[in-house]
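>>> pasted the sequence and its predicted model underneath.
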Amino acid sequence: MQDAGGHCMKMHPMWQEPLAIPGGDRQSPIDIVVRKSLFDPQLKPLVPLYDPQTCQQIWNNGYSFLVEYDDTTDKSTLKGGPLEDQYRLCQFHFHWGESNAWGSEHTVDRKLFPGELHIVHWNTDKYDLFEEAVMENNGLAVIGIGKRHEGLQKLVDALPAVRHKDSAVDFERFDPGCLLPSNINDYWTYHGSLTTPPLTEAVTWIVMKQHIELAVFRSLLFTSAEEEVQKGMVNNFRVQQPLRGRTVRSSFS
Ligand SMILES: NS(=O)(=O)c1ccc(C(=O)NCc2ccc(F)cc2)cc1
Ligand SMILES: [Zn+2]
């Protein structure tokens, strides 16, 4: 298994590619070829409005850690950018490598970053439940950024409490807005999928041009406390998928 940089990556079993996705012609992640992206002047600025009070808990689901938000009201939303509808924040999580040489899911001109942050939202104008939206076209909007940030220290300090799979702790007043780069108006956008099973092709991806440094999450484990062999949570990313004729639009020229 070679990545763009010629590094040989030991892929976690979770990431063995399913043999074929039925009709999978909009899979994610992808390599964004900058010179082939199309500037679309009609793309609007993104409008993330997050209420830190909706932050609920942080947990280790066995292949990443998620910070989950109360998505029963419209207190934390994303609209604008390529989005026609209003989307509600439900969680954010990261993907990373075992070394800083790789770990991101999207690449830009084949450049890998040490990791990638995904801020996940679902379309509340069209659907009543996340579980519905995740199966439908334009059901989800995920902001993808590879980054480190001082705002992350609160997150990193909470990680030892969720070291093992299925562990969770309350986590309050974390504003995911602090993870966004200073310039959120330079992004690429394309129609793609979840990057983990069920890989449904429901996602409008908004990939930030400005990347961020990433805190080190390699202290997490894929395994629960009961398991005798502990496995470090690293390389929890999917390899880039074929573009299949899709156009990647850019919000900047
Ligand atoms: N890496 S990513 O940003 O693309 C991504 C985002 C969300 C999910 C997810 O919610 N999975 C659980 C899930 C999936 C389907 C359901 F119906 C219910 C829960 C998976 C991957
Ligand atoms: Zn993800």
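Here it is on my side, so go on. Ligands and ions are numbered 1, 2, ... in the order given.

>>> tell me how far the top helix by length along the chain is from the chain's mean position?
For the chain, the longest helix by residue count, based on DSSP state H, is helix 153-158. Distance of helix 153-158 from its chain centroid, counting by CA atoms, centre = their mean, to the nearest Å, is 18 Å.

>>> hmm, what's the outermost residue in this protein?
What lies farthest from the middle of the chain is residue 228; by CA atoms, centre = their mean that is 30.2 Å.

>>> separation between that residue and ligand 1?
28 Å (CB to the nearest ligand atom, to the nearest Å). In short, each C-beta sits where N, CA and C put it, glycine included.

>>> buried by neighbour count: which residues of the strand or helix carrying residue 131 qualify?
Using DSSP states H and E, residue 131 sits within helix 130-133. When burial is assessed from 16 or more other CB atoms under 10 Å, helix 130-133 yields the following buried residues: 130, 133.

>>> check which helices and strands it sits against.
Judged by 3 or more CB pairs under 8 Å, 6 or more residues apart in numbering; DSSP states H and E, the packing partners of helix 130-133 are strand 115-123.

>>> if you set the cut-off to 10 Å instead, what comes out?
Where contact means 3 or more CB pairs under 10 Å, 6 or more residues apart in numbering; DSSP states H and E, helix 130-133 is packed against strand 87-96, strand 115-123, strand 140-145.

>>> first to last residue in stretch 105-123, what's the distance?
In stretch 105-123, first residue to last residue: 23 Å (CA to CA, to the nearest Å).

>>> hang on, the earlier thing: alpha carbons only: can I get the helix holding residue 131 in PDB?
Coordinates of each C-alpha in helix 130-133 appear next as PDB, following Å, rounded to 0.1, in the frame of the first residue of the first chain:
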ATOM      1  CA  PHE A 130     -29.800  12.400  10.800                       C
ATOM      2  CA  GLU A 131     -30.400   8.700   9.900                       C
ATOM      3  CA  GLU A 132     -32.600   9.800   7.100                       C
ATOM      4  CA  ALA A 133     -30.300  12.600   5.800                       C
END
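
>>> surely residue 58 and residue 176 touch.
No. Here residue 58 does not reach residue 176: they are 11.9 Å apart, not a contact under CB atoms under 10 Å.

>>> pull up the overlap in contacts between those two.
Jointly contacting residue 58 and residue 176 under the rule CB atoms under 10 Å, 6 or more residues apart in numbering are 67, 91, 155.

>>> what is the neighbour count of residue 29?
23 (other CB atoms under 10 Å).

>>> show me what contacts it?
Taking CB under 10 Å, 6+ apart as the test, what residue 29 contacts is 95, 104-107, 116, 118, 144, 192-193, 195, 205, 207, 237-241.

>>> 7 Å instead?
Contacts for residue 29 (CB atoms under 7 Å, 6 or more residues apart in numbering) come out as 105-106, 195, 238, 240-241.

>>> of these, closest to residue 134?
Nearest to residue 134, judged by CB to CB, of the contacts of residue 29 is residue 195 at 12.7 Å.

>>> returning to what we had before: quick one: the helix holding residue 131 near ligand 1?
Yes. Judged by CB under 6 Å from any ligand atom, helix 130-133 comes into contact with ligand 1 at residue 131.

>>> where exactly do the strands run in this structure?
Secondary structure of the chain, counting by DSSP state E: strands at 31-32, 38-39, 46-49, 55-60, 65-69, 77-80, 87-96, 107-108, 115-123, 140-145, 168-170, 187-192, 203-208, 249-250.
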